[in-house]
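Q: Sharing a sequence plus its predicted fold:
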Amino acid sequence: MPAVAQEIAVVTNRVVYPGETIGLDVLREVPVTNRNRDLSTVATVVEQVEGKVARRTLLPGRFIAVNAVRDAYLVEQGAAVQVMFVHGGLTISASAVTLQPGSAGDVVKVRNIDSGNTFTGTVMADGTIRVGAT
């Protein structure tokens, strides 16, 4: 009889509440005993959930759906941020307040502190907001 590769899934060892960052200490890998279980929607390696934030309550011993976690926010709602417009050699910066939280790559609404105008921009990896011409 040929050897069959053991399928693995990731579970928590305690309750993880919404908004809580998931640390390595609460995760463990377990073998999947049901060969008919579709694992495409659950975490199969720790790296898929470590350091992420729970969107909903995660129960111990239960598979973690990949859509039950999100990346940590780089900017929180109400945070003061630097907004940048870059076009060729022209760079314009302004101060703004975020109207919603966001991770890198998310499009968020912001309000210009000086003018009060609201607009959208993309959260960059350094926590700034990049806007473009419309």
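A: Received the coordinates, thanks. Numbers count the residues shown, from 1 in each chain.
Q: ok, residue 114 touching residue 93?
A: No - assessed by CB atoms under 8 Å, residue 114 is found out of contact with residue 93, at 11.8 Å. Where you see a C-beta, it was placed from the backbone N, CA and C, and this is true even at glycine.
Q: of those two, who's got more company?
A: Shown here are residue 114 and residue 93; by other CB atoms under 10 Å, residue 93 has more neighbours (11 against 8).
Q: now that one, nearest residue through space, not along the chain?
A: Distance criterion CB to CB, 6 or more residues apart in numbering; nearest residue to residue 93, sequence neighbours excluded, is residue 84 at 5.3 Å.
Q: Residues in contact with stretch 42-53: which ones?
A: For stretch 42-53, the external contacting residues (CB atoms under 8 Å, 6 or more residues apart in numbering) are 7-10, 19-24, 27, 29, 63-66, 69-73.
Q: Report the buried members of the residues you listed.
A: Neighbour counting over the contacts of stretch 42-53 (16 or more other CB atoms under 10 Å) leaves 9-10, 22, 27, 63-64, 69, 73 as the buried ones.
Q: and of those residues, the nearest to residue 98?
A: Within those, the smallest distance to residue 98 is 9.5 Å, found for residue 73 (CB to CB).
Q: phi, psi of the residue nearest the centre of the chain?
A: When the chain is reduced to its mean C-alpha position, the closest residue under CA atoms, centre = their mean turns out to be residue 71, at 1.4 Å. Per-residue torsions, residue 71: phi -70, psi 150 (degrees, to the nearest 10).
Q: Where does the prediction get shaky in this structure?
A: The chain contains residues with pLDDT under 70 at 1-5, 133-134.
Q: so what are the domain limits for this protein?
A: 8-70, 80-131 (automatic domain parsing).
Q: Just grab the bridge partners of the nearest residue to residue 128 once chain neighbours are set aside for me.
A: Excluding the flanking residues, the one nearest residue 128 by CB to CB, 6+ apart is residue 82, at 4.8 Å. For residue 82, the beta-bridge partners are residue 95 (DSSP bridges).
Q: Assess the claim that residue 82 and residue 129 are in contact.
A: Yes - using CB under 8 Å, residue 82 is in contact with residue 129, at 7.2 Å.
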